[in-house]
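Engineer: Please work out how this folds:
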Amino acid sequence: MNKILGFDKAYGILSAQAGCILQDLQSYSADRKFDFPIDLGAKGSCQIGGNLATNAGGINFIKHNSLHANCIGLKAVLPNGDILDNMTTLRKDNTGYDLKQLFIGSEGTLGVITECALLCPPYAQHKNMILMACHSFNDVLIVLEKAKNQLSDILRAVEFMDWESVDCVVKQLSHNKYPFN
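Structural biologist: Presented below is the predicted three-dimensional model:
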């Protein structure tokens, strides 16, 4: 259950089995000049079925939204053994209930996800990064609001580190103590 089933380049939709490793899906879509909608620290070991079952967010959440927004199709095995086959690659499908949305974030309580089809946007031609300091968390929220309003088309991620965390890192480095070695 770890095979990539296909890629529709016209729509940017990747279809895969639930056991595919996230990093493999990212590489596959990047090779085709498309971005994968989620990125996690555990990308080398986590599987896309589990990512869907937990509705994993990751660092691309601001740019690409949740897995709810990016899951186009899904197949799952229900507790009684029946198969829910909602495995479509149509971006717009108004043919009844959107049952796949119930499985995203259900953590396996409704059934086991076996396949998915995910929307992959075209790969960004350019990436820029900015590092800035704010005096308070309220200032961080003000910067975030302005960034979302003025940079929504290109904003990919926002990270926040409080002064206590920065101070801890500075102290560790100044004492030549590297906690990760």
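Engineer: Sketch out the low-pLDDT regions of the chain for me.
Structural biologist: Scanning the chain for pLDDT under 70 picks out 128, 156, 176-181.
Engineer: what about the strands in it?
Structural biologist: Per DSSP state E, the chain has strands spanning 4-8, 13-17, 71-77, 83-86, 112-119. These are given in chain order.
Engineer: Just give me the residue right at the centre of the chain.
Structural biologist: For the chain, the residue sitting closest to the mean C-alpha position, by CA atoms, centre = their mean, is residue 38 at 1.8 Å.
Engineer: for that one, what are its contacts?
Structural biologist: With contact set as CB atoms under 8 Å, 6 or more residues apart in numbering, residue 38 has these partners: 22, 51, 56, 57, 58, 60, 61, 64, 67, 70. Yep, even glycine has a C-beta here, placed from its N, CA and C like the rest.
Engineer: Turn these into JSON lines, including neighbour count.
Structural biologist: As requested, these are arranged in JSON lines below (neighbours: other CB atoms under 10 Å):
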{"residue": "22", "neighbour count": "22"}
{"residue": "51", "neighbour count": "25"}
{"residue": "56", "neighbour count": "20"}
{"residue": "57", "neighbour count": "16"}
{"residue": "58", "neighbour count": "20"}
{"residue": "60", "neighbour count": "18"}
{"residue": "61", "neighbour count": "18"}
{"residue": "64", "neighbour count": "23"}
{"residue": "67", "neighbour count": "25"}
{"residue": "70", "neighbour count": "21"}
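Engineer: Helices along this structure, start to end?
Structural biologist: 22-31, 48-54, 61-64, 67-70, 100-103, 137-150, 163-174 (DSSP state H).
Engineer: Surely residue 120 and residue 15 touch.
Structural biologist: No - in this structure residue 120 lies outside contact range of residue 15 using CB atoms under 8 Å: 10.6 Å.
Engineer: what would the strands of the chain look like in CSV with mean neighbour count and distance to residue 105?
Structural biologist: Shown next, in CSV, are these (neighbours: other CB atoms under 10 Å; distance: least, CB to CB, whole Å):
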stretch, mean neighbour count, distance to residue 105
strand 4-8, 15, 23
strand 13-17, 22, 19
strand 71-77, 22, 10
strand 83-86, 16, 16
strand 112-119, 23, 11
